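> the following block contains a protein sequence and its predicted model.
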Amino acid sequence: MIDNVRTKHPLIHCITNGVVQNFTANGLLAIGAAPVMSANPKEVGEMAQNAHGLLLNTGTLTDGQYEAMIIAGRAANENGTPIVLDPVAVGATSYRTKVVKELLSEVKPNLIRGNGGEIGALIGAHSEMLGVEGKSDQEPGSLAKEAANVLGTAICVTGEVDAVSNGKTTYLIKNGHEWLSNVVGTGCLLGAILLAYISSTREGALQASAAALAHYGLASEKAYSLAMKEGIGTFQQRFLDALSSLTDEKVKHDTHIQKV
Ligand SMILES: Nc1ncnc2c1ncn2[C@@H]1O[C@H](COP(=O)(O)OP(=O)(O)OP(=O)(O)O)[C@@H](O)[C@H]1O
Ligand SMILES: Cc1ncsc1CCO
């Protein structure tokens, strides 16, 4: 599936937060996708129509961005263009919770990605959110499965173990390194990379996401092995290098994916 992304070079239209724009664009380029950042309501409909995937990330949501998300989201849904929603910090304020629920009543995403706190907050399960950081006591596989059934779309829950579920089948991906938590926006970039995979394969959101999570987790393990003596600045650079250099064969051989 990595090869599909590199061959298709999908255009990923990102309406995302101001903190992670550069990292997201570079990470998409590293895996072979083409980023475009555009959040002006006057052009997003047209941009989304030309794109292979639309990312909606609520990290620093403004009223203008929200309007843009509705316009672009409707255009993408009409065209059958895949959408990933990253409801950053949903549950941290009542405004975010209200607005993300409203967004979900207007736009249908193919996948929602969040940490345990965010996905828990979306379905009203017990979870904790402090700013953009969140956690849930629920095991990620069961949370992803429950949320997929409640929300009627595939769900990816990230953390020490990542899970992706369509409500019936769930994959647990046990690759990754805790240093990812020390680099801002690794969850946000992951949302964009999940989308690049989904828009480059016919296998569907579940399989594509499992492959993307394996690629991402293994890239972080490789980066850590090369950067552990230096620190997280070097780790971030090695991570981008590893995203671009990993092969399908290496991912298939080294990944720890479990189907439950
Ligand atoms: N303790 C950990 N061990 C291994 N990998 C981790 C750990 N915590 C997070 N990750 C990985 O970090 C990446 C980002 O997931 P995380 O759940 O931290 O997202 P997030 O909280 O939404 O991040 P952000 O808001 O910074 O974008 C995922 O690839 C996840 O697997
Ligand atoms: C730190 C931060 N604040 C709003 S969005 C964002 C990026 C990581 O989620």
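Noted; the coordinates are in hand. Ligands and ions are numbered 1, 2, ... in the order given.
> when you work out contacts or count neighbours from here on, use the C-alpha atoms and nothing else.
Fine.
> got the residues of the stretch 101-250 of the chain near ligand 2?
By C-alpha under 6 Å from any ligand atom, the residues of the stretch 101-250 of the chain that approach ligand 2 are 132, 184-185.
> contacting residues around residue 81?
49, 51-54, 199 (C-alpha atoms under 8 Å, 6 or more residues apart in numbering).
> give the helix, strand or coil label for it.
coil (DSSP: H, G, I helix; E, B strand; the rest coil).
> next one, pLDDT for it please.
pLDDT recorded at residue 81 is 98.
> what is the least confident helix or strand in the chain by mean pLDDT packed up against?
Lowest by mean pLDDT, DSSP states H and E among the helices and strands of the chain is helix 248-254, with a mean of 88. If contacts are counted by 3 or more C-alpha pairs under 8 Å, 6 or more residues apart in numbering; DSSP states H and E, helix 248-254 sits against helix 205-227.
> what comes up buried for the helix it packs on?
205-224, 227 (16 or more other C-alpha atoms under 10 Å).
> quick one: average pLDDT of that helix?
Helix 205-227 comes out at a mean pLDDT of 97.
> for ligand 1, see how far away residue 230 is.
Distance from residue 230 to ligand 1, counting by C-alpha to the nearest ligand atom, to the nearest Å: 19 Å.
> is it fair to say that residue lies in a strand?
No: per three-state DSSP, residue 230 lies outside any strand segment and is coil.
> residues contacting it?
Residue 230 neighbours (C-alpha under 8 Å, 6+ apart): none.
> how near is it to ligand 2?
Distance of residue 230 to ligand 2, given as C-alpha to the nearest ligand atom: 23 Å.
> need phi/psi at residue 113.
Residue 113 has phi and psi values of phi -120, psi 130 when expressed as degrees, to the nearest 10.
> show me where pLDDT drops low in the stretch 101-250 of the chain?
Within the stretch 101-250 of the chain, not a single segment meets pLDDT under 70.
> tell me which parts of the stretch 101-250 of the chain are close to ligand 1?
Residues of the stretch 101-250 of the chain lying near ligand 1 (C-alpha under 6 Å from any ligand atom): 114-115, 132-133, 158-160, 162, 176-178, 180-181, 184-188, 217.
> which among these end up buried?
114-115, 132, 158-160, 162, 176-177, 180, 185-188, 217.
> most widely separated two among those?
The distance between the two most remote of those (C-alpha to C-alpha) is 20.5 Å, for 132 and 217.
> just want the residue of the stretch 151-260 of the chain that's nearest ligand 2.
residue 185 (4.4 Å; C-alpha to the nearest ligand atom).
> quick check: that residue touching residue 22?
No: Residue 185 is not in contact with residue 22 according to C-alpha atoms under 8 Å; the separation is 10.0 Å.
> closest residue of the stretch 1-150 of the chain to ligand 2?
residue 59 (3.6 Å).
> who are the contact partners of that residue?
Applying C-alpha under 8 Å, 6+ apart, the residues contacting residue 59 are 16-18, 87-89, 132.
> contacting residues for the residue positioned nearest the centre of the chain?
With distances taken as C-alpha atoms, centre = their mean, the residue of the chain nearest its centroid is residue 191 (1.4 Å). By C-alpha under 8 Å, 6+ apart, the contact list for residue 191 reads 55, 84-86, 113.
> inside helices: which ones of those?
For these, not one is inside helices, with DSSP state H as the criterion.
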